[in-house]
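J.: Give me coordinates for this.
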Amino acid sequence: MAGSKGMANYRIEPWNHVRTVNPDTYIPPEVDKIAKQVMAQYNMKVRKKVLITSKPDKGGAIWKIDTDKGPRSLKLLHREPVRSLFSVAAQDYLVKKGARVPALVRTKDKKLYVEAGGKIWIVTDWIQLRPASKIDLKGAMQLCYGLGEFHKHSRGYKPPSNAAKSSRLFKWPDYYQKIQTKIGWIREVAKVYKEFPASKRLLTLTDKFEQQARDALVRLNKSAYSKMVAKGEPHWGLVHQDYGWSNGQLGPRGLWVIDLDGVSYDLPIRDLRKLITSTMEDFGRWDLKWARGMINAYHKANPIDAETYEILLIDLSLPNEFYKHMKEMLYHPKIFLATEANMILNQVLKCERSKWKALKELQKDIKKFKSGNYSSTKKTTRKSTKSTGSKKKKVKEPLQKKSSSRPLKKRKKNTSFSGGNIE
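T.: Predicted coordinates for the structure are as follows:
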C-alpha cells in the first residue's frame, strides 16, 4: 500500500522491553506517528483517539477513534502481514454473508487495510456492545448460539492469493499426540525436581492424565474424523480460536463476534469445546445442565451431526485444563513448582471429580443427533500443513531419554468415557 517515507522505514516490533510507568497505556511514539499516517488514508476527520487495549509483548493495539463519520475502531494487527490478510479477507467475507461482525471501512483508494510499519492496520465500525451474563445459563446459551451463527456464516470462505492460509483442520491427531508427549515431559521434570512437594503429587497423577490423552487419540482415530476433514477447509469454515465472553458480546440485532485476527480453518466444534471447558473450570465443577444447554443452543444455530458430536465428546475427554496450565512448568520449573503447581492441581482435580460423570451422561445424548453420512467420503491422509500464523516457541525436551513418555501397562480396549476420578 502507498504510504509515507517514514511509514516505510520503521518496522513495528514488540515494545514490552521498554521501561515505562504503565506498560498497558504506553505506545511507542513511532507507532503513534504511524497510526496518524494510517488514519489520514481514510476519508474521515479524526477528532479524538483513545487507546482501548494493547499487546506490548506482540506489538498490537486497538484505539477507539471519534470521527466525523461516527465512532470507529483503529486496530494494529500484530501478526505478519500475509497472515493478517487471511483474517482481514475473512472478516469482509463474513460481513457480506450477514454475520454480526464489525464491517471494515475502506480507505480512500478503496482498500480494506493499510500496510504500514511492517504490519496491517484496519478501521472498522465501532459497535456498542455489552457482555452476556456469566451468572446464568441464558447468557451462556446466547454466547453459544452466536458462535454457531458465526461458524455457519464462515462456510465457503477462500482466502485471497496474497494471503497465507491458516489451518488446523488436519492437525488434530498431531495435537493429541503432542499433549500426550508433553505430559510425559512434565513427569520427567517432576522427577528431576522431586524435592518440591508439588512434584511428588504430580508423579501420582501424570500416568492417569497421559492415559486420558492416549485414549482420546485412539477414539479420534476410530471416529469419522479423517472422512470429515476430507470434505476440505471451505466446507467447514473458520474457528475464532479465542472465543469467550470478551469476544462474543450482545449488541444491535443479537450477539456480535469481535477480534477476528486469529481466525483459522478447523472443525468449528473446537471453539465450542474450549468455551465449555473454560466455563466448567470457572465453576470449579462440571455442570451437566449448563453443558447440555450450551451444546443445544449452538446446535440450534449451526446443527451438529452425530459424528461431529462424537468429536466434541472426544475433545472434551482430553486433559485439556491440566495440559493448558501445567505445561508452563517446562519453561520455569523451579518457580512454577514452588508457587503455582499445587494451586492449579487443586483446581484441576476439583473439576475432574465431576467431569467424567458429566461426559458419560452427555454420551447418551448422541442418539439425538442425525448422522452426517460420511461413509461415502474417502479418508484423507494426514497432512503436515504448517500454520502460517504467529510463530510459537518450540519447547525442547527437558531430559535426554530414549522415550519422552514411558509406555504404560496395556489396557483393554476402551470405547466409553471412563477417565474416572483422579484423587
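J.: all helices in the stretch 51-200 of the chain, in order from the N-terminus.
T.: Per DSSP state H, counting those that start in this stretch, the stretch 51-200 of the chain carries helices over the ranges 81-96, 137-154, 172-192, 197-203.
J.: swap that for the stretch 251-400 of the chain, please
T.: Using DSSP H, counting those that start in this stretch, helices in the stretch 251-400 of the chain cover 269-283, 288-301, 306-317, 320-326, 333-339, 341-364.
J.: coming back round to it: mind putting the helices of the stretch 51-200 of the chain in TSV, mean neighbour count, mean pLDDT and distance to Arg285 included?
T.: All C-beta spots, glycine's among them, are computed from the backbone N, C-alpha and C. Formatted as TSV, these follow (neighbours: other C-beta atoms under 10 Å; pLDDT from 0 to 100; distance: least, C-beta to C-beta, whole Å):
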stretch	mean neighbour count	mean pLDDT	distance to Arg285
helix 81-96	21	98	35
helix 137-154	22	98	15
helix 172-192	19	97	23
helix 197-203	17	95	20
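J.: for those helices, which one sits closest to Ala306?
T.: Closest to Ala306 of the helices of the stretch 51-200 of the chain is helix 137-154 (C-beta to C-beta; 16.8 Å).
J.: what packs against that closest one?
T.: Contacts defined by 3 or more C-beta pairs under 8 Å, 6 or more residues apart in numbering; DSSP states H and E place helix 137-154 against helix 81-96, strand 238-239, strand 248-251, strand 254-257, helix 269-283, helix 288-301.
J.: closest to Glu352 out of these?
T.: helix 269-283 (10.5 Å).
J.: What is the distance between that closest one and the centre of its chain?
T.: Centroid separation for helix 269-283 versus its chain: 11 Å, with C-alpha atoms, centre = their mean, to the nearest Å.
J.: tell me the mean pLDDT for it?
T.: Helix 269-283 shows a mean pLDDT of 96.
J.: Run a quick check on Glu115 versus Glu80, I expect a contact.
T.: No. With contact defined as C-beta atoms under 8 Å, Glu115 does not reach Glu80; the gap is 11.0 Å.
J.: OK, contacts around Ser84?
T.: Applying C-beta atoms under 8 Å, 6 or more residues apart in numbering to Ser84 gives the contacts Leu77, Tyr113, Lys119, Ile120, Asp261.
J.: and it, how far is that from Pro56?
T.: 18 Å (C-beta to C-beta, to the nearest Å).
J.: same thing with Gly98?
T.: Taking C-beta to C-beta, one finds Gly98 at 36 Å from Pro56.
J.: Who has more neighbours out of those two?
T.: Between Gly98 and Pro56, Pro56 has the larger neighbour count (other C-beta atoms under 10 Å), namely 19 against 10.
J.: So, low pLDDT: which residues of the chain?
T.: 1-8, 380-423 (pLDDT under 70).
J.: Quick check, central residue of it?
T.: Of all residues in the chain, the one closest to the mean position by C-alpha atoms, centre = their mean is Gln241, 2.4 Å from it.
J.: Contacts only, for the closest residue in space to Ser167 that isn't next to it in sequence.
T.: Nearest non-adjacent residue to Ser167, counting by C-beta to C-beta, 6 or more residues apart in numbering: Tyr265, 3.9 Å away. Tyr265 makes contact with Lys165, Ser166, Ser167, Arg168, Leu169, Glu233, Trp236, Gly237, Leu238, Val239 under the criterion C-beta under 8 Å, 6+ apart.
J.: thinking again about what came up before, among the helices and strands packed on helix 137-154, which comes closest to Lys182?
T.: Closest approach to Lys182 among those is made by helix 269-283 (17.5 Å; C-beta to C-beta).
J.: which parts of stretch 251-261 are buried?
T.: Leu255, Trp256, Val257, Ile258, Asp259, Leu260, Asp261 (16 or more other C-beta atoms under 10 Å).
J.: Redo the residues you listed as a markdown table? Include distance to Lys194.
T.: As requested, these are exported to a markdown table (distance: C-beta to C-beta, whole Å):
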| residue | distance to Lys194 |
| --- | --- |
| Leu255 | 49 |
| Trp256 | 50 |
| Val257 | 46 |
| Ile258 | 46 |
| Asp259 | 42 |
| Leu260 | 45 |
| Asp261 | 43 |
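J.: Could you find which two of those residues are furthest from each other?
T.: Maximum pairwise distance in the buried residues of stretch 251-261, criterion C-beta to C-beta, is 19.0 Å, between Leu255 and Asp261.
J.: now for the biggest strand by length in the chain, which elements pack on it?
T.: Criterion DSSP state E: the longest strand present in the chain is strand 46-55. Counting contacts by 3+ C-beta pairs under 8 Å, 6+ apart, strand 46-55 packs against helix 29-39, strand 60-67.
J.: what's the angle from the longest one to strand 46-55?
T.: Here helix 29-39 points in a direction 130 degrees away from that of strand 46-55 (axes from the mean of the first three to the mean of the last three C-alpha atoms, to 10 degrees).
J.: related to what we said a few turns ago, hmm, who's touching the longest strand of the chain?
T.: With contact meaning C-beta under 8 Å, 6+ apart, strand 46-55 is reached by 14, 24-27, 35, 39, 60-68, 73-74, 78.
J.: For ChimeraX, write a command that selects the buried ones of these.
T.: Burial among the contacts of strand 46-55 is assessed by 16+ other C-beta under 10 Å; the matching ChimeraX selection reads:
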select :26,27,35,39,60,61,62,63,65,67,73,74,78
